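A.B. asks: pasting the structure only:
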């Protein structure tokens, strides 16, 4: 590799790292700001929402799925993610005895395992997640064909967003399919599953793009090929939301019409409209405040923060908010580790020794 190519590789890696960090932390800031209806306190720590907690386990579980694939040669990512959400449930005291009987019998006191289970804030109740709790309480995971709930709630999108950080060129199509399957673990409504899959594809394009509107437009053009099940009506609604953001940006009435409730489709359309209404690097804080005023501000601001953070990188996020959010370090670590696993496989593989002897204990491959 020439010096020029090495430099370009470093620039690309740095851009991706900043975008991943921005995506996860922007998502968390959005949920917190939305919960406060845009009126965050001037001082003190910012508390994470329940969807941010679940998204942490999505990121961690995704790394563990990749580790398992490297070492075992076979993996069903939705099942590994189901295990991740079961660890969250146990920390929350949700069916803890049944969860330990299901997952921890052979691990004893070592389960829930992995470093994320040691974060105190993830064991605190931070809001309501009824569909997720209902699904986890059933112990057996839901699927697209055999759902355990009929929910179309917005957490299907919010907790699935970290999957946008997965996908080397050869793995993108596989992970796009998994986004729908992973949403179906807890949310049985097909529109919720579609919204989660589409949000993943569109946000991934923002990670690799330079401009919000261009990246979203490019992502929209691929939805028919990345998701063969997308209906023309769904595609048209996304296109309309993006077009209205260009022609009539930051219009509260349009936002309320696009995102009237706390469902997954509303979160997607409202988040896309807001992000495309505030496309500039300096407008992230204003975008989050606008999103927070939606009928359900948490969901719209969560998607808005993820999209803008992915596009502009962590440097564009309001520093006074980033520095105060209680899960900034956790999310930043997960973003860095996700990139490391995708690009470097620190624990190695079944046949190749890794460079980090502690990676498997941090991210056990199951």
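C.D. replies: Arrived safely. As the structure is a prediction and not an experimental result, all values here were calculated from the model.
A.B. asks: and residue 17, what does it touch?
C.D. replies: By C-beta atoms under 8 Å, 6 or more residues apart in numbering, the residues touching residue 17 are 335, 336, 339. Just so you know, the C-beta spots here come from the backbone N, C-alpha and C atoms, and that holds for glycine as well.
A.B. asks: Which of these lies at the shortest distance from residue 231?
C.D. replies: residue 335 (32.5 Å; C-beta to C-beta).
A.B. asks: Which SSE is immediately downstream of whichever helix or strand residue 31 is part of?
C.D. replies: Following DSSP states H and E, one finds residue 31 within helix 3-35. Sequence-wise, the next helix or strand downstream of helix 3-35 (DSSP H and E) is helix 50-72.
A.B. asks: Buried residues, that next one. List them.
C.D. replies: Applying a neighbour-count criterion of 16 or more other C-beta atoms under 10 Å, one finds 50-71 buried in helix 50-72.
A.B. asks: likewise stretch 339-357?
C.D. replies: Of the residues in stretch 339-357, 339, 340, 341, 342, 345, 346, 347, 348, 354, 356 count as buried by neighbour count, 16+ other C-beta under 10 Å.
A.B. asks: so how far is the helix or strand hosting the third one from its chain's centroid?
C.D. replies: When you say that, I think you mean residue 341. Using DSSP H and E, residue 341 maps to helix 328-344. From the chain centre to the centre of helix 328-344 is a distance of 13 Å (C-alpha atoms, centre = their mean, to the nearest Å).
A.B. asks: Same question for stretch 151-159.
C.D. replies: Computed by C-alpha atoms, centre = their mean, the chain-centroid distance of stretch 151-159 equals 11 Å.
A.B. asks: Start and end of it, how far apart?
C.D. replies: 14 Å (C-alpha to C-alpha, to the nearest Å).
A.B. asks: pLDDT averaged over that stretch, what's the number?
C.D. replies: Stretch 151-159 shows a mean pLDDT of 97.
A.B. asks: One more: stretch 133-144?
C.D. replies: pLDDT averaged over stretch 133-144 gives 91.
A.B. asks: can you give me the offset of it from its chain's centre?
C.D. replies: For stretch 133-144, the distance to the chain centre is 19 Å (C-alpha atoms, centre = their mean).
A.B. asks: buried stuff in that stretch?
C.D. replies: By neighbour count with 16+ other C-beta under 10 Å, stretch 133-144 contains the buried residues 133, 135, 136, 139, 141, 142, 144.
A.B. asks: mind listing the helices in the stretch 201-350 of the chain by residue range?
C.D. replies: 212-226, 232-247, 252-258, 264-277, 284-292, 297-312, 319-322, 328-344 (DSSP state H, counting those that start in this stretch).
A.B. asks: List the buried residues of the fifth one.
C.D. replies: Residues of helix 284-292 classed as buried under the neighbour-count rule (16+ other C-beta under 10 Å) are 284, 285, 287, 288, 289, 290, 291, 292.
A.B. asks: Kindly reformat those as a markdown table containing distance to residue 361 and pLDDT.
C.D. replies: Below are those laid out as a markdown table (distance: C-beta to C-beta, whole Å; pLDDT from 0 to 100):
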| residue | distance to residue 361 | pLDDT |
| --- | --- | --- |
| 284 | 36 | 97 |
| 285 | 39 | 97 |
| 287 | 39 | 98 |
| 288 | 36 | 98 |
| 289 | 41 | 97 |
| 290 | 43 | 98 |
| 291 | 39 | 98 |
| 292 | 39 | 98 |
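A.B. asks: and the two most separated of these?
C.D. replies: Within those, 284 and 292 form the most distant pair, 12.6 Å apart (C-beta to C-beta).
A.B. asks: Give the rounded mean pLDDT of stretch 238-250.
C.D. replies: 97.
A.B. asks: now stretch 103-112
C.D. replies: On average, stretch 103-112 scores 81.
A.B. asks: Now do the buried residues in that stretch.
C.D. replies: 103, 104, 111, 112.
A.B. asks: In space, what's closest to residue 259 - neighbours in sequence excluded?
C.D. replies: Excluding its sequence neighbours, the residue lying closest to residue 259 (C-beta to C-beta, 6 or more residues apart in numbering) is residue 270, at 2.7 Å.
A.B. asks: I'd like the distance between that neighbour and residue 252.
C.D. replies: 11 Å (C-beta to C-beta, to the nearest Å).
A.B. asks: Between the two, tell me which one has more neighbours.
C.D. replies: residue 270 (31 against 10; other C-beta atoms under 10 Å).
A.B. asks: Next one: that one relative to residue 257, how far apart?
C.D. replies: Relative to residue 257, and taking C-beta to C-beta, residue 270 is found at 10 Å.
A.B. asks: mind putting the helices of the stretch 201-350 of the chain in TSV, distance to residue 362 included?
C.D. replies: TSV is the format used below for the helices of the stretch 201-350 of the chain (distance: least, C-beta to C-beta, whole Å):
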stretch	distance to residue 362
helix 212-226	31
helix 232-247	37
helix 252-258	40
helix 264-277	31
helix 284-292	31
helix 297-312	24
helix 319-322	24
helix 328-344	8
